[in-house]
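my questions concern the predicted model and sequence given below.
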Amino acid sequence: MKMMKAIQIPYKGEKMKLVEIPVPQPGEGQVLLRVEACGVCNGDSMAIGGATP
């Protein structure tokens, strides 16, 4: 099974955590994209701080 790295916020107010999870398999009518790079936006930082569900 192919694995990928992902950042998760396990619970409200907790720090981000780097995890390895299985690569999802696209269903009919879906595509799977490989992301080369991404960033953390203000909405992510609000979730980390517990301001959003």
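Looks like it arrived, so ask away. Residues are numbered from 1 along each chain as shown.

mind listing what's buried in the one helix or strand in the chain whose mean pLDDT sits lowest?
Counting by mean pLDDT, DSSP states H and E, the weakest-scoring helix or strand in the chain turns out to be helix 42-48, with a mean of 77. Neighbour-count burial for helix 42-48, counted by 16 or more other CB atoms under 10 Å, picks out 47, 48. (C-beta placed from N, C-alpha, C; glycine too.)

show me what that helix is packed up against.
If you count contacts as 3 or more CB pairs under 8 Å, 6 or more residues apart in numbering; DSSP states H and E, helix 42-48 packs onto no helix or strand.

residues touching it, excluding its own?
For helix 42-48, the external contacting residues (CB atoms under 8 Å, 6 or more residues apart in numbering) are 9, 12, 13, 14, 15, 16, 52.

pretty sure residue 23 contacts residue 5?
No. Assessed by CB atoms under 8 Å, residue 23 is found out of contact with residue 5, at 10.4 Å.

more neighbours, those two?
residue 23 (11 against 8; other CB atoms under 10 Å).

and the host helix or strand of residue 5, average pLDDT?
Residue 5 belongs to strand 3-8 when assigned by DSSP states H and E. On average, the pLDDT along strand 3-8 is 91.

can you list the strands that it pairs with?
Note on strand 3-8: by DSSP bridges, its sheet partners are strand 17-22 (antiparallel).

so residue 22 sits right up against residue 1, yeah?
Yes. Judged on CB under 8 Å, residue 22 makes contact with residue 1 at a distance of 5.4 Å.

noted, bye for now.
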